[in-house]
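>>> fold the following, please.
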Amino acid sequence: MLAVGNLEVYEAGPLTVVGFGGREVLDHVNVAECRDELVNLIQENQCESLAVDLTGVRLIPSGLLGLLASIHKLGVELHLYNACDDIREVLEITKLNRMIQLHEVAV
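Numbering: from 1, shown residues only. Next up is the predicted model:
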């Protein structure tokens with residue numbers, strides 16, 4: 001595992017896997033820095049699929065939702081793992097669940 005700014009990178013390549021280290025609230029995440037980190041990872045590794053581990057995360061800032069939508073617009077397939085019910089509800093309300101695949105994995 002490699003820490004890159006706000007992110008923990010578990011795997012980098014055509015399938016890139018990142019997470020936030022199980023932090024419950026991501027209110028201290030600098031969205032602009034996070035976007036730069038993700039775009040660099042995507043470009044450097046010719047990433048086709050981005051998996052984001054949300055295990056333990058209970059709240060994400062709205063800017064991070066916009067970031068996920070912008071990553072999708074880059075042509076990268078997005079997968080969210082272990083999103084809590086509150087995050088799933090926000091994704092439904094914003095219709096982001098139509099462009100992001102949600103998965104549950106036993107921890």
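>>> so the nearest residue to Arg35 once chain neighbours are set aside, which of the three states?
Counting by Cβ to Cβ, 6 or more residues apart in numbering, Leu67 is the residue found nearest to Arg35 once chain neighbours are left out, at 5.1 Å. Every residue, glycine included, has its C-beta placed from N, CA and C. Three-state call for Leu67 (DSSP: H, G, I helix; E, B strand; the rest coil): helix.
>>> separation between Leu67 and His103?
In this structure, Leu67 and His103 are 19 Å apart, going by Cβ to Cβ, to the nearest Å.
>>> please say which of the two ends up with more neighbours.
Relative neighbour count places Leu67 above the other of Leu67 and His103, with 19 against 11, counting by other Cβ atoms under 10 Å.
>>> low-confidence regions, the protein specifically.
Counting by pLDDT under 70, the chain shows low-confidence ranges at 1-6, 23-29, 107.
>>> regarding it, what is its longest helix?
Scanning the chain for the helix with the most residues, using DSSP state H, yields helix 31-44.
>>> how about that one: buried residues?
31, 34-35, 37-39, 41-42 (16 or more other Cβ atoms under 10 Å).
>>> and the contacts of it?
Surrounding helix 31-44, the residues in contact under the criterion Cβ atoms under 8 Å, 6 or more residues apart in numbering are 4-7, 9, 12, 16, 18, 47, 50, 61, 63-64, 66-67, 70-71, 74, 76.
>>> what residue lies at the spatial centre of this protein?
The geometric centre of the chain, computed from its C-alpha atoms, lies nearest to Val52 (Cα atoms, centre = their mean), at 3.8 Å.
>>> count the neighbours of Tyr10 for me.
Tyr10 has 13 nearby residues by other Cβ under 10 Å.
>>> this structure: strands as residue ranges?
With DSSP state E, the ranges of strands along the chain come out as 2-4, 7-11, 15-19, 49-53, 77-81, 100-103.
>>> kindly reformat those strands as CSV containing distance to Thr94.
As requested, these are arranged in CSV below (distance: least, Cβ to Cβ, whole Å):
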stretch, distance to Thr94
strand 2-4, 26
strand 7-11, 22
strand 15-19, 21
strand 49-53, 16
strand 77-81, 13
strand 100-103, 10
